[in-house]
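Peer 1: Need coordinates for the following:
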Amino acid sequence: MKKILLIALCCVNVFIACQKQTPEYESKIAPEIEVKAFKFLSVVHNVDVSQIRYDDTKNFVLIGDNYKMPVEELIKRYGEANVYKAEFEKGDENEN
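Peer 2: Reported below is the predicted structural model:
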């Protein structure tokens, strides 16, 4: 009986230890810019927004499985993307 209880307890501990935990991160991109910049990358690279992730350990934005971009470059490119903003963010000024 004790062996069964001990094995069950070990299994519970392993199960709890192996649960996937989503790490919290503090983005170096301002929240209001992050959403718009990720949409910008989505359009430019023709990927879904869900395929764009922020890697806080290296301060990179990962686009799909094949490309990564430093956050500074993303902010610079988004800031210079006047044609994109004129075409895709026309109605955003009215929402605020």
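Peer 1: gap between Gly90 and His45?
Peer 2: No Gly there; residue 90 is Lys. Using C-beta to C-beta, to the nearest Å, Lys90 is found at 21 Å from His45. For the C-beta atoms, the positions are set from N, CA and C on the backbone; glycine is no exception.
Peer 1: now Asp55
Peer 2: Counting by C-beta to C-beta, the gap from Asp55 to His45 is 16 Å.
Peer 1: same deal with Val83?
Peer 2: 16 Å.
Peer 1: what about those two, which has more around it?
Peer 2: A direct count of neighbours by other C-beta atoms under 10 Å for Val83 and His45 places His45 higher, at 14 against 8.
Peer 1: Secondary structure element holding the closest residue in space to Val49 that isn't next to it in sequence?
Peer 2: Nearest residue to Val49 in three dimensions, chain neighbours excluded: Ser42, at 4.6 Å (C-beta to C-beta, 6 or more residues apart in numbering). Using DSSP states H and E, Ser42 sits in helix 31-45.
Peer 1: what comes up buried for that helix?
Peer 2: Glu34, Lys36, Ala37, Phe38, Lys39, Phe40, Leu41, Ser42 (16 or more other C-beta atoms under 10 Å).
Peer 1: Show me what it packs onto, helices and strands only.
Peer 2: strand 52-55, strand 60-63, helix 71-79, helix 82-88 (3 or more C-beta pairs under 8 Å, 6 or more residues apart in numbering; DSSP states H and E).
Peer 1: Distance to Ile7 and mean pLDDT for those - can I get that in CSV?
Peer 2: Converted to CSV, these look like this (distance: least, C-beta to C-beta, whole Å; pLDDT from 0 to 100):
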stretch, distance to Ile7, mean pLDDT
strand 52-55, 39, 88
strand 60-63, 41, 90
helix 71-79, 48, 91
helix 82-88, 58, 90
